[in-house]
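>>> Next input, structure requested:
(2 chains)
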Amino acid sequence: MDSDKKKKINRRTFLKGAASAAIAGSTAVTAGCKGKGLLGSSEAFALEFKEYFKKHYRLMTPTERQQTVTRLEKLAKLRQDINVNIDTTGPAENVLYGYAFNVTRCEGYMECVKACVKENNLDRKSNTQYIRIFEMEHGQMSPDQGDGKYFHMVPKEGHFYMGVQCFQCENPPCVKACPTKATWKEKDGIVVVDYDWCIGCRYCMAACPYWGRRFNWNQPEIPKEEVTTQQHYLGNRQRVRGMMEKCTFCIQRSRKGKVTACVEACPTGARVFGNLLDPDSEIRFVLENKKVYRLKEDLGTDPKFWYFID
Amino acid sequence: MKNPKIKKYLFYIILFCILPGIMVLFSSMAAFSNDQGVASKIKKATSKLDKATQVEQSIPLPKNIVKATVEYQGGTFFTQARKNEIKRFQCSSCHNNKKVLINNAADMSHADIKVLHGNKGKPLSCDTCHNKDDRDFLVSSTTDKIDLDHVYDMCGQCHFRQKKDWIGGAHGKRVTYWAGERVVKNCTSCHNPHSPRFEKQWPKTYSVPLK
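Just a heads-up that it's a prediction; the model follows:
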């Protein structure tokens, strides 16, 4: 009897010791992953610790989504002293986003690129850009013949301009390539990335035939006063090093009924954005009345991004 | 006649010849019908959407807009107003029969306006668009008055292709929202009517090489 009691206590103490050792060990591991700055604040560390054990975005319940959003907002406040507002608005019924680009109208001013970088909190250090404008000679068809790094007075005679970004394919090869299911197509047709489930293997980058995805080679650096505070969990929230990101048709804007930042910035009206399932929408008018084509249509990716000419 | 050998092999005949044939037939049918593609989704979506339920948020109408006199795809839309953008509107506050002091003449003239509109050999004059008899209005080629807010009626007389595209949505663009009431930019929101072509300029940013 006595020895039995002794044994029990021993086991309990052993378990207690093991548990505390496990916690200490995981703390050491997570501390090793992150920079020194986080250890300064215990609140930030506690939040960061919880963030490691959250679920995949699609498996979260609404409460869990709200909890992680609250944590991320608090972390942004503690880390950078920015009051961000992260929302998790889901896709609306009867909406399928589509995009059309008028190659006749685009003059290559690159206002869209500038607006996109600002809106989506893209890394200023490595000059990450979702949109790329190619200067092409008349008669050229594919942007790989064009000049993607021009810098002179535009428009140049005898040239036209063609913008390339993520085409939000209906049959996206990047989604098939992802080994962790960190990227998927939403119901409204936007291909999104769960940044916390991306392992940075860049298979999707290799799978994309349009060069639509961007990798964070370094910790993104954005000046504090330039951060767009209206954010979306799947869109322009803070990314970290070693993760894939891409154009999301400005999910934080489009799901609120707004046009994307590039459409709003375009001074020539070369960009058309709208709901493909609405027969009254501008995009449907373009598809029905204009000469449209899609890039690399023969690959069967079925992109929701059309080029058209006047 | 009953051949036990045929009966014995019948199972294998079905398994290896008929079943694969049926499977190939079905899979090819699925491949050609392509029910998942964008084109088929668009084709199916023919019924008009209820504007009220399109996006949950109620979208406020912006200020300074007017209802267009034309319809697009069977519905009405709004466009940006012009009159309150013009600094010296009403025009008739100066263009009347009252006398003008010579001291004010320099400020009051329109010498700063350069007309770069029309063909090179045949440029437009002020009177081509502005109404001589009622200065607060424009004038159409059939001498009808055109309100400055509805300037698309003026421009559309020559640029009828652009007007058709603008009404449908292939020219110009919507203001801020893709959902809700359709509000589009007017011709003069983007183009200077006296010099409508966009000028050459430096790109706002640059791209670094990808590879």
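>>> tell me the strands in chain B, going along the chain?
For chain B, the strands defined by DSSP state E cover B:65-67, B:78-80, B:138-139, B:145-146, B:183-184.
>>> Chain A: which of the ones you listed is closest?
Closest to chain A of these, according to CB to the nearest CB: strand B:183-184, at 8.6 Å. The C-beta positions use only the backbone N, C-alpha and C, and glycine is treated the same way.
>>> contact partners of that closest one?
Here strand B:183-184 makes contact (CB atoms under 8 Å, 6 or more residues apart in numbering or on different chains) with B:61-62, B:65, B:77-80, B:166, B:169, B:172-177.
>>> so which residue of chain B comes closest to chain A?
For chain B, CB to the nearest CB, closest residue to chain A: residue B:169, 2.7 Å.
>>> Pull the most distant pair out of the contacts of strand B:183-184.
Distance extremes for the contacts of strand B:183-184: the farthest pair is B:61 and B:166 at 19.7 Å, using CB to CB.
>>> higher neighbour count, the two?
A count of neighbours by other CB atoms under 10 Å in any protein chain shown puts residue B:166 above the other of residue B:61 and residue B:166, at 25 against 11.
>>> Show the contacting residues for the closest residue to that one other than its chain neighbours.
Excluding the flanking residues, the one nearest residue B:166 by CB to CB, 6 or more residues apart in numbering or on different chains is residue B:172, at 4.8 Å. For residue B:172, the contact set (CB under 8 Å, 6+ apart) comprises A:269, B:165-166, B:184-185, B:187, B:189-190.
>>> Make a markdown table from those and add pLDDT and distance to residue A:232 to it.
As requested, the contacts of residue B:172 are exported to a markdown table (pLDDT from 0 to 100; distance: CB to CB, whole Å):
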| residue | pLDDT | distance to residue A:232 |
| --- | --- | --- |
| A:269 | 93 | 26 |
| B:165 | 94 | 32 |
| B:166 | 95 | 32 |
| B:184 | 95 | 26 |
| B:185 | 95 | 27 |
| B:187 | 94 | 34 |
| B:189 | 93 | 29 |
| B:190 | 93 | 29 |
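>>> Enumerate the residues of the stretch 1-150 of chain A near chain B.
Contact residues, the stretch 1-150 of chain A versus chain B (CB under 8 Å from any CB of the partner chain): A:92-96, A:98, A:100, A:102, A:105, A:107-111, A:113-114, A:117, A:126-127, A:129, A:132-133, A:148-150.
>>> Cross those against strands and list the overlap.
Among the residues of the stretch 1-150 of chain A next to chain B, DSSP E puts A:98, A:100, A:102, A:132-133 in strands.
>>> List only buried entries from these.
A:98, A:100, A:102, A:132-133 (16 or more other CB atoms under 10 Å in any protein chain shown).
>>> Tell me the one among these nearest to chain B.
Of all these, chain B sits closest to residue A:132, with 5.7 Å by CB to the nearest CB.
>>> Low-confidence regions, chain B specifically.
Filtered on pLDDT under 70, chain B yields the residue ranges B:1-4, B:27-35, B:50-57, B:210-211.
>>> spatially speaking, which residue is in the middle of it?
Taking CA atoms, centre = their mean, the centroid of chain B lies closest to residue B:169, which sits 2.5 Å from it.
>>> contacting residues for the nearest residue to that residue once chain neighbours are set aside?
The spatially closest residue to residue B:169, leaving aside those adjacent along the chain, is residue A:282, at 2.7 Å (CB to CB, 6+ apart). By CB under 8 Å, 6+ apart, the residues touching residue A:282 are A:272-274, B:168-170, B:174.
>>> returning to what we had before: could the buried ones among the ones in strands among the residues of the stretch 1-150 of chain A next to chain B go into JSON lines alongside pLDDT and distance to residue A:233?
Output for these, formatted as JSON lines (pLDDT from 0 to 100; distance: CB to CB, whole Å):
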{"residue": "A:98", "pLDDT": "96", "distance to residue A:233": "23"}
{"residue": "A:100", "pLDDT": "96", "distance to residue A:233": "28"}
{"residue": "A:102", "pLDDT": "96", "distance to residue A:233": "32"}
{"residue": "A:132", "pLDDT": "93", "distance to residue A:233": "26"}
{"residue": "A:133", "pLDDT": "94", "distance to residue A:233": "29"}
